[in-house]
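coords below, sequence missing:
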DNA sequence: ATCGTTCGTCGAATCGGTTCGATGAAATCC
DNA sequence: GGATTTCATCGAACCGATTCGACGAACGAT
C-alpha cells in the first residue's frame, strides 16, 4: 500500500506537507506542489479512507436508505438511486446503500460507527419509527419525499399537490368534464406514504375548483385488479373521458386494457401519467405526463446534504414545481 | 462519540479486553464478558469504522458496481442490487454503490483507498476495460454475469445457454414447430454483453436438435420497434406459433401488441418469457417463464466474495441451472 | 513445596492520515 | 539595517481501534 509517508519521501518533503498539498489548507510553494503532485501520480497514491476518516472525522460517504421491496416502484426508485450516486460523485462523495428493511437500528449503526457523514432517506412514512432516530442522530439528514410531519427534517420532493392540480387542469382545459384517478395501491395509502394523499388532494381540490367531476380510485398492481377496476369505473361512471394514472407500475396494464376494451387513446379517453419522462415513450401512444423529476430530486437532495455538511443548517422543504409535457395521449373531447 | 476507552473504563477493564470481547479472538472470563457487554449496550457503543479499518485492514464493506443507465433493465438490476445488499448484511457487510459510468478509475480508487474489501461487478462486457484493472487489484472480485473471457475472475450467472434450450424444449414438447426469439436490443449484442449471445446459441442449437424452425430477432425498446418487428416476423414467418421473449423491457409491449393484432395468448401464440418470477403475474395472462434468479445470483455472489475474503481462492464460474415455471401463456398447438 | 502450564488481562506499538504550533527563511516596513 | 510580518515547511500529537508480547494468578503434576 502506498502511504503518505512514501509520497513524502519520494518528493523529499514531510508527510504533513503532502497532506497540505492535497487538502489545500495551507499555502504551498509552486515548486513543492509540483513535486508532490508528481510523486502522487507516479506512485498511484490514494489516501487510506479509514485513516482519513479517523483523523478528520470525515468519511466522504453518504448513506442512502431506499425501499427495496422488489415488487414495487422499482424503476422509479432506481432512478433516484442513480441520480443520488451521480450527484454524490460530483461532490466527491461515495454512497453506501442501506435498505429500509433494516429499520432504525441500521441508521444508528451507520451514524455512530462513522460509516457515513450524512443520511439521505427515501420513502419516509407518517409515524415512521425512523424519524425519532434520525432526529437523535448528530448527523445531517435529508429526506426524499415529504412525510406528513417531517419534524424539522429537510425534505425534497415533487410538489404532488400541484401535480394533481396540473393533471386536472390540463384535462379540464381540453374540455373533459369527468376525470378519474388511477392511484397507487391501497397499501401505499395505508402505509401513510404522503405523496399519494397529497396528489389526491391536489386532484380533488382542482376538480372542485374547475367544476369537473373527480373519480378517485386506488389500484393494485395485478393485471386483474386493473382490469376489474376499469370495468367498475366505466360501469359506474360512463361519462369519464379523462384518466390520470398516478401509478407507474400499472401503466402498461391500463393502456393495454383500454385498448382491449375498445377505448382508443386519446380519441375516446385522454390519459395523463405521472411518471419519469423516460417511461413516456415506450407505449402504443406517447404519453402526456407530469414528470417525476428523479434526476433533479436526487441531485438536490445531495446538494442539500453536502451543504449541511458544510455547516449550513436549514431544515427547508423543497417542493419542485410539476412540469407537464403534452404528448399524444391527451386531446380535447 | 463513545469510544472503546470509555467502554473499558465503564467496565473497569483495559481497552484491549473490550476489543477481545467483541472479536472473540481470545478467551475472556464469563464475568468480564458480561460486564463489558453490559457497558457496550448501556453506552450504545459502535466501533469507529475508520479506526477499525485502519487497524485491521478490514472495512466490512463490499463495493457493488452496477450499470445505472436509467433506460435499461432497471427492474432486473434493482433485484440484483437488493439481493446483494441483503446478502451482504447477512454476512455483516455493508455495500458501497458504484456505477459503471465511472469506469476503471473508480475501481482503482475504491480498492486502493481501502474503501471496500472486495468488489462485485455487474454487466462486464467482452473486452471490458475494467477487466485488466480488476485483475491488477489485490482484492477479491466476483462478477455477476459471465463475460466471454472472464480471465480467471470468478463469475456467477444464470446458465443462459441452457435457458435458451429449455425455452425451445418446452415449446417443442408442446408441439410447436416454428419458434421465434424476441431478444435484447441490438445495442446489447453490440456491447458484447455475453448473456445475449449465450442465450441465442442455446436457443438455436436446441432448435436444430429438436428439428424445429428457429427465428431469432433482436428488438429495440420502443413500442413502435416491437410492433413493426412483430409485423415483419409474422409476415415473413406466418407459421410461428411459439414466442420466446428474452427482453423484460418489451414484455408488456409484445403482449399488448399480440392482443391488438388479434393473436390470443396462448390459444394462437404460446409465449415463454425470460424474466424474474415477480414479473410473471402482472400481465393479461400469467406468463410461463424461465426465471432470472436475481435473488440467488446476488446471494451467491456475496457468498463467494466473503469466502474469498476468508482466504479461500477459487476462480470458479458458477452457472445456475434454469428453472422453467409453466403458467398460462403456453399451450400445445 | 516447587515448577511448569494454562488462563485471563493488560500495556504499548501500530495502522495512515490530519492538524496545530513552532521554526527558519524571505519579504516588508520605517 | 534592524525589527517585524509573511510564507513555506516541519515535527509531533492525535484520531480509535487491533494485536502481540508480557505478566500475574490459579492450577495441576511431581
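Looks like it came in fine. Given the structure is predicted, the values throughout are model-derived calculations rather than measurements.

Give me every residue in the stretch 1-150 of chain A lying close to DNA strand D.
A:12-17, A:20, A:26-29, A:31-33, A:51, A:54-55 (Cβ under 7 Å from any atom of the strand). Where C-beta positions appear, they are placed from N, C-alpha and C, glycine not excepted.

near DNA strand C, which of these show up?
Filtering these for neighbours of DNA strand C using Cβ under 7 Å from any atom of the strand leaves A:15-16, A:20, A:51, A:54-55.

All the helices of chain A, residue numbers only.
Along chain A, counting by DSSP state H, helices occupy A:4-11, A:15-23, A:30-43, A:49-56, A:74-90, A:103-112, A:130-136, A:160-173, A:186-191, A:194-210, A:223-236, A:251-260, A:294-309.

if I look at residue A:11, how far off is DNA strand C?
For residue A:11, the distance to DNA strand C equals 13 Å [Cβ to the nearest atom of the strand, to the nearest Å].

Poorly predicted segments of the stretch 51-200 of chain A, please.
Along the stretch 51-200 of chain A, the parts satisfying pLDDT under 70 run over A:70-73.

Contact distance from DNA strand C - what residues of it qualify?
By Cβ under 7 Å from any atom of the strand, the part of the stretch 51-200 of chain A that sits against DNA strand C consists of A:51-52, A:54-56.

I'd like those residues laid out as CSV, including neighbour count and distance to residue B:232.
Below are those laid out as CSV (neighbours: other Cβ atoms under 10 Å in any protein chain shown; distance: Cβ to Cβ, whole Å):
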residue, neighbour count, distance to residue B:232
A:51, 18, 61
A:52, 21, 58
A:54, 20, 63
A:55, 14, 64
A:56, 13, 62
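
of all the residues you listed, which comes closest to residue B:292?
The shortest approach to residue B:292 among these belongs to residue A:52, at 39.5 Å (Cβ to Cβ).

you'd agree residue A:301 is up against residue A:120?
Yes: counting by Cβ atoms under 8 Å, residue A:301 touches residue A:120, with 5.3 Å between them.

returning to what we had before: redo the ones next to DNA strand C among the residues of the stretch 1-150 of chain A next to DNA strand D as CSV? Include distance to residue A:37.
Shown next, in CSV, are these (distance: Cβ to Cβ, whole Å):
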residue, distance to residue A:37
A:15, 15
A:16, 16
A:20, 12
A:51, 20
A:54, 24
A:55, 21
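
and those near chain B, which?
Counting by Cβ under 8 Å from any Cβ of the partner chain, A:51, A:54 from these sit close to chain B.

which two in the ones next to DNA strand C among the residues of the stretch 1-150 of chain A next to DNA strand D are spaced the farthest apart?
Greatest spacing in those, by Cβ to Cβ: A:20 and A:54 (18.4 Å).

Can you name the residues that contact the one residue sitting closest to the centre of chain A?
Nearest to the mean C-alpha position of chain A, by Cα atoms, centre = their mean, lies residue A:80 at 4.3 Å. Taking Cβ atoms under 8 Å, 6 or more residues apart in numbering or on different chains as the criterion, residue A:80 is in contact with A:66, A:122, A:144, A:294, A:297-298.

Closest one of the residues you listed to residue A:158?
Nearest to residue A:158 among these is residue A:297, at 6.8 Å by Cβ to Cβ.

Wait, that closest one touches residue A:303, no?
No: judged on Cβ under 8 Å, residue A:297 makes no contact with residue A:303 at a distance of 10.7 Å.

who has more neighbours, those two?
Between residue A:297 and residue A:303, residue A:297 has the larger neighbour count (other Cβ atoms under 10 Å in any protein chain shown), namely 23 against 16.

show me what contacts that one?
Counting by Cβ under 8 Å, 6+ apart, residue A:297 touches A:80, A:83, A:144, A:156-158, A:320.

show me what contacts residue A:331?
Residue A:331 touches A:174, A:266-267, A:270, counting by Cβ under 8 Å, 6+ apart.

Buried among these? Need that as a selection in PyMOL.
Only the buried entries of these go into this PyMOL selection, using 16 or more other Cβ atoms under 10 Å in any protein chain shown:
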select buried, chain A and resi 174+266+270
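
Tell me which entries of the contacts of residue A:297 lie within strands.
A:144, A:156-158, A:320 (DSSP state E).

want to throw those into TSV with neighbour count?
Output for the ones in strands among the contacts of residue A:297, formatted as TSV (neighbours: other Cβ atoms under 10 Å in any protein chain shown):
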residue	neighbour count
A:144	24
A:156	26
A:157	23
A:158	25
A:320	18
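
Skipping adjacent residues, who's closest to residue A:195 in space?
residue A:160 (4.7 Å; Cβ to Cβ, 6 or more residues apart in numbering or on different chains).

what sits against that neighbour?
Contacts were defined as Cβ under 8 Å, 6+ apart; by that measure residue A:160 touches A:195, A:198-199, A:202, A:322.

Quick check: chain neighbours aside, which residue is closest to residue A:79?
Leaving aside its chain neighbours, residue A:79 sits nearest to residue A:294 (3.6 Å; criterion: Cβ to Cβ, 6+ apart).

I misspoke; the intended subject was residue A:269.
residue A:263 (4.9 Å).

next one: residue A:213
Distances taken as Cβ to Cβ, 6+ apart place residue A:178 nearest to residue A:213, at 4.2 Å, with adjacent residues excluded.

same deal with residue A:274?
Nearest non-adjacent residue to residue A:274, counting by Cβ to Cβ, 6+ apart: residue A:246, 4.4 Å away.

ok, the one you found - how many residues close by?
28.

which residues touch it?
Counted by Cβ under 8 Å, 6+ apart, residue A:246 has contacts A:164, A:181-184, A:196, A:199, A:274.

what about it, distance to chain B?
As judged by Cβ to the nearest Cβ, to the nearest Å, residue A:246 and chain B stand 17 Å apart.

now swap in residue A:289 and tell me
Distance, residue A:289 to chain B, using Cβ to the nearest Cβ: 15 Å.

ok, now residue A:315?
Distance, residue A:315 to chain B, using Cβ to the nearest Cβ: 24 Å.

quick one, what contacts that residue?
The contact partners of residue A:315, by Cβ under 8 Å, 6+ apart, come to A:150, A:152-154.

now do 10 Å
Residue A:315 is in contact with A:141-142, A:150-155, A:304, A:308, counting by Cβ atoms under 10 Å, 6 or more residues apart in numbering or on different chains.

burial count for residue A:257?
Counted by other Cβ under 10 Å, the residues lying close to residue A:257 total 21.

Ok, residue A:323 next?
Per other Cβ under 10 Å, the neighbour tally for residue A:323 reads 15.

Which residue comes closest to it once chain neighbours are left out?
Of all residues not flanking residue A:323 in the chain, residue A:291 sits nearest, at 5.2 Å (Cβ to Cβ, 6+ apart).

Over to residue A:285?
Excluding the flanking residues, the one nearest residue A:285 by Cβ to Cβ, 6+ apart is residue A:328, at 4.6 Å.

Pretty sure the one you found sits against residue A:272.
No: assessed by Cβ atoms under 10 Å, residue A:328 is found out of contact with residue A:272, at 11.7 Å.

Give me the more crowded residue out of those two.
Neighbours per residue, other Cβ under 10 Å: of residue A:328 and residue A:272, the larger number sits with residue A:272, 28 against 16.

Can you tell me how far the more buried one is from residue A:176?
According to Cβ to Cβ, to the nearest Å, residue A:272 and residue A:176 sit 10 Å apart.
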